[in-house]
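Participant: The following block contains a protein sequence and its predicted model.
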Amino acid sequence: MTGFIDGIYGKGDDEFPAETKIRYDKFITAHLASDIIHAPGVGICERLERQ
């Protein structure tokens, strides 16, 4: 079994803005409800973008 969550954070520069993405394994919905998946993802993105 692979991991459910993979994070990508791009710090940004003059050409591209900072960007945070959370990628989920396609099988995560078999284990967790969508609202439970969404809430931590938003929190992680917000924290990374503040750094």
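Facilitator: Alright, I've got the coordinates.
Participant: From now on I want contacts and neighbour counts done on CA atoms only, so please keep to that.
Facilitator: Will do.
Participant: Confirm for me that A18 is in contact with I8.
Facilitator: No: if you go by Cα atoms under 8 Å, A18 and I8 don't touch, sitting 10.8 Å apart.
Participant: list residues touching both of these two?
Facilitator: With contacts taken as Cα atoms under 8 Å, 6 or more residues apart in numbering, A18 and I8 have no neighbour in common.
Participant: what's the burial count for Y24?
Facilitator: Around Y24 there are 15 other residues, counting by other Cα atoms under 10 Å.
Participant: now do D35
Facilitator: 9.
Participant: how about the strand or helix carrying it: buried residues?
Facilitator: According to DSSP states H and E, D35 maps onto helix 34-50. For helix 34-50, burial by neighbour count (16 or more other Cα atoms under 10 Å) applies to G41, C45, L48.
Participant: any idea how far the closest residue to G41 other than its chain neighbours is from E46?
Facilitator: Nearest-residue entry for G41: I22, 6.4 Å, with adjacent residues in sequence omitted and distances by Cα to Cα, 6 or more residues apart in numbering. With the distance defined as Cα to Cα, to the nearest Å, I22 ends up 11 Å from E46.
Participant: Over to G12?
Facilitator: Applying Cα to Cα to G12 and E46 gives a distance of 15 Å.
Participant: pLDDT below threshold where in the chain?
Facilitator: 1-7, 9, 51 (pLDDT under 70).
Participant: swap the cut-off to 80 and go again
Facilitator: The chain contains residues with pLDDT under 80 at 1-12, 18-24, 26, 37, 41, 44-45, 47-51.
Participant: Can you tell me the centre-most residue of it?
Facilitator: I22 (1.8 Å; Cα atoms, centre = their mean).
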